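Participant: Pasting a predicted model and its sequence here:
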Amino acid sequence: MTVLPRPTILSIEPYVGGESKIPGVNRIIKLSSNEGAFGPPPSAIEAITRAAREAHRYPDGGATALREALGRRWGLDPARIVCGNGSDELIAHLCLAYGGEGTEIIMSAYGFMMYDIAGRYAGSRVLKVAEKDGFADIDAMLAAVGPRTRLVFIANPNNPTGALLPESEMKRLRAGLRDDILLVLDSAYAEYVTAPGYDAGAAIVDAAGNTIMLRTFSKIFGLGGMRVGWGYAPAGIVDTLNRVRGPFNVAAASQAAAVAALGEEGWVEKCVAHNTEWRAKVSAAITAAGHKVQPSETNFILVDFGTADGAKAADARLKAKGLIVRGMTGYGLPQALRITIGNAEECQLVIDAFA
């Protein structure tokens, strides 16, 4: 080819989502993508159906009703909320708007893969900082900051490890960064956290002018297929994202489904109770089978099999029983598998398989 992209683009390995099919197996239990155990709330399904009748109409480009619903639910200013086609879109725009050639982006070694992909897409150099005992190392991340650092990404709880850092560590990270560095707090799994004193990031955003909190409807609200993410940030950052995002980036049906999901009485409480119960049961069963389970505050667990061969063998045995989990080689953890906490029947199948 005579037309070539920037060199950093060719260094990117395409993102590969969790598997969903096993050749020769009829009944598939997909536990590879951290999707909600119960699917979408009934009211969201009804909203999608109603919206189909108006599919010829463009959506509200400002996602006004959705931002207002988010503001009511979480006690936030709707004017400081921006919605995206999944939080992935917002991650990419942040990297492009605040990063670029000659800049550096910092993330933890086992952070969400999209930070690395979006950062290199923007032309930035992405530094992956070694973790400590399965947790992001705040001291090491601060030590990695240089004159060209422009963004720092951290997920809390983290994907794929499930690890949760205390609020004090998040505040210490923000306090240790220069004012010209944007801190991106990815709180995709915030609703599942039961640890006392946890804040998804709104408090840090309100205390600083250089932080954004990202959230999603893909997990506890079961709307991964509708692609709805959102961010809460100071007015200047929201203004920047509104300038660069697509004018109709969140589909009308997706907006309607998200608004309905927020209003589904008792949905979050039901999902959290189920997840907490079965995450503990599955973790205990896998530990009893002789494998290391990373402590998790999410709707998944990370299981360490000691070696890459051990993880491959376990993956093959699970697939033989129709259970699809996520291999972690792409995250630099070839010895591990990530297992989503599904419904009660699915969780019991995992327990039985390990037994």
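Facilitator: Here it is on my side, so go on.

Participant: Could you chop this structure up by domain?
Facilitator: Following the TED database, the chain resolves into domains at 18-39+267-353, 42-263.

Participant: who's in contact with the strand or helix carrying residue 143?
Facilitator: Here residue 143, judged by DSSP states H and E, is contained in helix 138-144. In this structure, residues lying in contact with helix 138-144 by CB atoms under 8 Å, 6 or more residues apart in numbering are 106, 108, 127, 129-130, 132, 152, 154, 165, 169, 172-173, 176-177. C-betas here are computed from N, CA, C, even on glycine.

Participant: Would you mark the buried spots in that helix?
Facilitator: Along helix 138-144, these residues count as buried under the neighbour rule (16 or more other CB atoms under 10 Å): 138, 141-142, 144.

Participant: Then stretch 284-299?
Facilitator: 285-286, 291, 293-294, 296-299.

Participant: Now do the strands in the stretch 51-200 of the chain.
Facilitator: All strands of the stretch 51-200 of the chain, identified by DSSP state E, counting those that start in this stretch, fall at 81-84, 104-108, 125-129, 149-155, 182-186.

Participant: Now tabulate these in TSV and tack on mean pLDDT, distance to residue 67 and mean neighbour count.
Facilitator: Below are those laid out as TSV (pLDDT from 0 to 100; distance: least, CB to CB, whole Å; neighbours: other CB atoms under 10 Å):
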stretch	mean pLDDT	distance to residue 67	mean neighbour count
strand 81-84	98	4	25
strand 104-108	98	27	26
strand 125-129	97	31	19
strand 149-155	98	23	25
strand 182-186	98	19	26
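
Participant: any chance of those strands in CSV, plus distance to residue 34?
Facilitator: Shown next, in CSV, are these (distance: least, CB to CB, whole Å):
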stretch, distance to residue 34
strand 81-84, 18
strand 104-108, 18
strand 125-129, 21
strand 149-155, 12
strand 182-186, 13
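
Participant: Residue 253 against residue 55, yeah?
Facilitator: Yes - with contacts counted by CB atoms under 8 Å, residue 253 reaches residue 55, the gap being 7.3 Å.

Participant: if you count what's nearby, which of the two comes out ahead?
Facilitator: Between residue 253 and residue 55, residue 253 has the larger neighbour count (other CB atoms under 10 Å), namely 19 against 9.

Participant: For that one, which non-adjacent residue is spatially closest?
Facilitator: Nearest residue to residue 253 in three dimensions, chain neighbours excluded: residue 51, at 3.8 Å (CB to CB, 6 or more residues apart in numbering).
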